[in-house]
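1. I need the structure of the sequence given here:
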Amino acid sequence: MKLIFSILFVLIVIISGCKNVDDEIETELNTIQQASLESGIPSADIIYKKEITDNDAFSLFQIPDGYGVLHFTSKEDGWGYRGHSGYQYDIGDITSFTLSQSAWHKGDISLDKDSLYTMVFLGEIIDPKINKIIVEYDNIKREASIVKNKDRRFWYLLSEQEDGNESVNMVSAYSSEGKLLYIEEG
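-> Predicted coordinates:
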């Protein structure tokens, strides 16, 4: 009887210890960093990332004579690289700040519904006295975010609209004391 009990006990332990191999397989989702490898931009040059929504993200990158924005969208396997926009300039020609904008399609393109876009206004701050950037576009006025990376500073503002037709009316740069330093009309 003890022998039968021992054999049953060993069988139960062995059977209960077995797992379905599929239970241990976990799908690894791509991160924004992994998706950015597809862009060809060196990881060391990617200075900032922002998840806008569950399906939309971007990263800022720098190059010696410019900067740019990488676009990402969420897919079944995680984040996917959608493209990028880059901006170059001669640093000797700029004394205040630069101004650019980039738009990309949100989600999958569909002919059955209106297309939605993400628009970001961005630039590099050259003058060290600039401490705040205000962007005015389509009757909206907002303060831009400033991103610092070593000895360079960049600014960006995400549009609140989703039609991809936004245009900058004016960008104002201020000192830390609130003094207006520069105005750039769009």
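
2. run through this structure and note the low-pLDDT ranges.
-> Across the chain, the ranges flagged by pLDDT under 70 are 1-27, 107-110, 112-113.

3. just the strands in this protein please.
-> 46-51, 56-63, 66-75, 78-88, 100-105, 117-125, 132-137, 140-143, 145-149, 152-158, 168-174, 180-185 (DSSP state E).

4. could these go into a markdown table alongside mean neighbour count?
-> Quick note: C-beta positions are derived from backbone N, CA and C, even for glycine. Formatted as a markdown table, those follow (neighbours: other CB atoms under 10 Å):
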| stretch | mean neighbour count |
| --- | --- |
| strand 46-51 | 16 |
| strand 56-63 | 21 |
| strand 66-75 | 21 |
| strand 78-88 | 17 |
| strand 100-105 | 19 |
| strand 117-125 | 22 |
| strand 132-137 | 20 |
| strand 140-143 | 13 |
| strand 145-149 | 15 |
| strand 152-158 | 20 |
| strand 168-174 | 18 |
| strand 180-185 | 13 |
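
5. and those strands: which comes nearest Gly40?
-> strand 78-88 (8.9 Å; CB to CB).

6. what packs against that closest one?
-> helix 32-36, strand 56-63, strand 66-75, strand 100-105 (3 or more CB pairs under 8 Å, 6 or more residues apart in numbering; DSSP states H and E).

7. thanks a lot, catch you later.
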